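1. Show me the folded form of this:
(one chain, ligands or ions: 4)
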Amino acid sequence: HQRLTALKDAIQNDILLMHYQLQFDSQGVAVGAEALIRWPQPDGSMVSPGEFIPLAEESGLIVPIGRLALTHACAQAAKWRQIGYPLRVAVNLGAEHIHDPELPELIETLLARYKLPAHDLEIEVTESSLMENISQGRQQLQRLREIGIDIALDDFGTGHTSLAYLRDLPAQRLKLDREFITDLPDKPYNQAICRAVVTLGHAMGIIVLAEGVEREEEYALLKTLGVDEFQGFLLAKPMLSSRVDARLKTLS
Ligand code: G
Ligand code: G
Ligand code: MN
Ligand code: NA
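-> Numbers count the residues shown, from 1 in each chain. Ligands and ions are numbered 1, 2, ... in the order given. Below you'll find the model as predicted:
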C-alpha cells in the first residue's frame, strides 16, 4: 500500500526517469537506444522496474507510466536528432497499454509535438502482453505500423511463441532473449536456436537483435551466426542520456 502511494506520487510529480541502453549494428555503429525506466529514491538509490512494473501492472498505473516513458523517449530522440546523432528509441509497453484504444493517438501527438520521424520510435511488446487478446493486439500493432513506428518483439523465444503469431504480427525487429545468449560458445543448442531464428527472421524481412551480450566471445559468435544488431553490458550499460551523449561523441 505504502509503495503504491509512493509510486502514484512519483508519477504525479514526474520523478520517474529514463536510462538508455545503446544498440549497435555489426559495424559497431550505434543505431538505437532502449529506454529503461528508473524510480529514484530520496536517498539517491534507484528502484529497478523489475520491482515496480509488476505493481504498476496490477494497479492500473502501467498506462500513465507508459505515457511518461513515451513522452521522455520522444523528447530524447528529438534531442539526439538535433545534435546530429539520430537514434531509434525503443520503449517497453505493458499489456494494458498495448490494448489501449488511445495509444495510437498519443503516439501521433508526441511525434508531431517533437517533430520526430515515426521511424525514430519503436515499441517493444512481449508475447505474453499480446496473449490477453491476440486479435485485438494484432489490429492495434497494425494501426501503429500505419503511423510508421517500428514494432519489436521483446524477450523473443521464451514466451508461448507460435510461428503463426510471428507470421501474423507486423514486427520489424525480433529481440532474441538473453537466455539464448549467455555462455553461447559453450551451448551448441542455443547456437542452433540463434541460427534458426536468424534464418527465419531474415526470410520474413525481420531484423534480429541479440540482447544481454556480456562477453566478447558471445558477440563474435553472434556476428558469425548472422545476427544484425547487439545490445548488452559488454557494449553499453543503461545510463542517463547525458552519459549517452558523451559516449556518442567518442564513437564518431
Ligand atoms: O532495466 P531492467 O533490467 O531493470 O528492467 C527490468 C524489466 O522492466 C524489463 O523486463 C524491462 O522490459 C522492464 N521495463 C523497463 N523499463 C520499462 C518501462 O518503461 N515500461 C515497462 N512497461 N517496462 C519496463
Ligand atoms: O525485458 P527487457 O529485455 O526489456 O529487459 C531489459 C533489461 O535487461 C534491462 O533492465 C537491462 O538492465 C537488462 N540488461 C541489459 N543488458 C544486459 C546484459 O548484458 N546482461 C544482463 N544480465 N542484463 C542486461
Ligand atoms: Mn525490452
Ligand atoms: Na528483452
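2. list the contacts for the closest residue to residue 248 other than its chain neighbours?
-> Distances taken as C-beta to C-beta, 6 or more residues apart in numbering place residue 85 nearest to residue 248, at 4.7 Å, with adjacent residues excluded. Where you see a C-beta, it was placed from the backbone N, CA and C, and this is true even at glycine. Shown in contact with residue 85 (C-beta atoms under 8 Å, 6 or more residues apart in numbering): 30, 245, 248, 252.
3. where does the third one land in three-state SS?
-> Secondary structure for residue 248, judged by DSSP: H, G, I helix; E, B strand; the rest coil, is helix.
4. which stretches of the stretch 1-150 of the chain form strands?
-> Secondary structure of the stretch 1-150 of the chain (DSSP state E, counting those that start in this stretch): strands at 17-25, 30-40, 46-47, 88-92, 121-126, 150-156.
5. Comparing those, which stretch has the densest surroundings?
-> Burial of the strands of the stretch 1-150 of the chain is given as mean neighbour count (mean count of other C-beta atoms under 10 Å); strand 88-92 ranks first at a mean of 24.
6. Quick one: check that one for contact with ligand 2.
-> Yes. Contact of strand 88-92 with ligand 2 (C-beta under 6 Å from any ligand atom) involves residue 92.
7. List the strands paired with that strand, with their directions.
-> According to DSSP bridges, strand 88-92 has the following sheet partners: strand 30-40 (parallel), strand 121-126 (parallel).
8. relative to strand 150-156, how tilted is it?
-> 50 degrees (axes from the mean of the first three to the mean of the last three C-alpha atoms, to 10 degrees).
9. And ligand 1, is strand 88-92 touching that?
-> Yes. Using C-beta under 6 Å from any ligand atom, strand 88-92 reaches ligand 1 at residue 92.
10. Then stretch 29-48?
-> Yes. Residues of stretch 29-48 contacting ligand 1 under C-beta under 6 Å from any ligand atom: 36-37, 48.
11. now the residues you listed as a markdown table including pLDDT and distance to residue 193?
-> Shown next, in a markdown table, are these (pLDDT from 0 to 100; distance: C-beta to C-beta, whole Å):
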| residue | pLDDT | distance to residue 193 |
| --- | --- | --- |
| 36 | 98 | 25 |
| 37 | 98 | 29 |
| 48 | 92 | 28 |
